[in-house]
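**Q** 3D, please:
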Amino acid sequence: MRRRRSSAYRISIMSLLVALIILQSALPMVGYISLGGISITTLHLTVIVGAVVLGTSYGTALGAVWGLSSWIMAFVRPSDVLTILLFRNPIIAFLPRILAGLVAGVLFNQLLPRVRTGVGGSIKMAIAGIGAALTNTLLVVALTWVFYASKAAALIGHGANTSNFGWVMLALLGVNAIAEVIMAGVITPILGQALIRFRRR
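**A** Here you go, the predicted structure:
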């Protein structure tokens with residue numbers, strides 16, 4: 001009976017999170033917040049919370065859903081030139097997102113696995129959130145350099161070239177990374193603890 005309740009809980013929460021990712025992607029200024037020339041995502045929060053509450057495999061699957069939404073939105077409603085350049089490439093769209101979900105799940109479940117609630121659980125959730133956000137950002141930068149260094153440098157201009165393109169990308173995505181890491185570190189424990197308490201009822 002307990003297993004059935006646990007399975008039903010996981011399926012329900014997973015379905016809810018998948019639907020939330022779809023809504024975040026479809027609604028302007030919800031999943032992707034455009035501020036000037038940058039676009040900050042909140043979608044990573046949904047993936048991280050899923051990985052923390054449901055487990056690593058669920059987080060990885062949610063990361064794949066996030067990647068699919070990124071890839072589709074790059075064709076349907078791109079927010080800027082960099083979105084077109086980066087996320088129409090399925091490897092850049094999928095791999096960082098999938099690994100972000102994987103990293104969040106691994107960090108939370110392997111770091112002191114018996115500690116899931118309270119202050120210790122919140123700290124673990126914050127670490128998992130920060131690790132996942134950094135994984136996503138750094139992989140996007142690295143894969144962009146691998147695939148599009150010369151092309152993107154030409155689009156960005158201002159004397160950018162292949163040799164310094166990595167630094168240009170870090171500068172452009174730096175604000176995104178800071179905002180997304182802070183959000184992940186602060187909001188993941190709040191949402192994660194709430195869902196775990198709900199599960200225990």
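
**Q** all contacts plus neighbour counts: C-alpha atoms, from now on.
**A** OK.

**Q** Any idea how many residues pack against residue 9?
**A** 15 (other Cα atoms under 10 Å).

**Q** before we move on, what about residue 108?
**A** Residue 108: 28 neighbours (other Cα under 10 Å).

**Q** show me what contacts it?
**A** Shown in contact with residue 108 (Cα atoms under 8 Å, 6 or more residues apart in numbering): 52, 124, 125, 127, 128.

**Q** Can you verify the fourth one is assigned to a strand?
**A** No - residue state for residue 127 (DSSP: H, G, I helix; E, B strand; the rest coil) corresponds to helix; a strand is not indicated.

**Q** I figured it hits residue 107, correct?
**A** Yes - if you go by Cα atoms under 8 Å, residue 127 and residue 107 touch, sitting 7.4 Å apart.

**Q** hang on, the earlier thing: will you turn the contacts of residue 108 into CSV that also has neighbour count?
**A** As requested, the contacts of residue 108 are exported to CSV (neighbours: other Cα atoms under 10 Å):
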residue, neighbour count
52, 31
124, 26
125, 34
127, 22
128, 31
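
**Q** now those in a markdown table, with distance to residue 180?
**A** Output for the contacts of residue 108, formatted as a markdown table (distance: Cα to Cα, whole Å):
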| residue | distance to residue 180 |
| --- | --- |
| 52 | 17 |
| 124 | 17 |
| 125 | 15 |
| 127 | 13 |
| 128 | 13 |
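
**Q** And the strands in the chain, which stretches?
**A** For the chain, the strands defined by DSSP state E occupy 32-35, 38-41.

**Q** and those strands, which is most packed in?
**A** strand 38-41 (a mean of 19; mean count of other Cα atoms under 10 Å).

**Q** And residue 181, how close does it get to residue 137?
**A** Per Cα to Cα, to the nearest Å, residue 181 is found 9 Å from residue 137.
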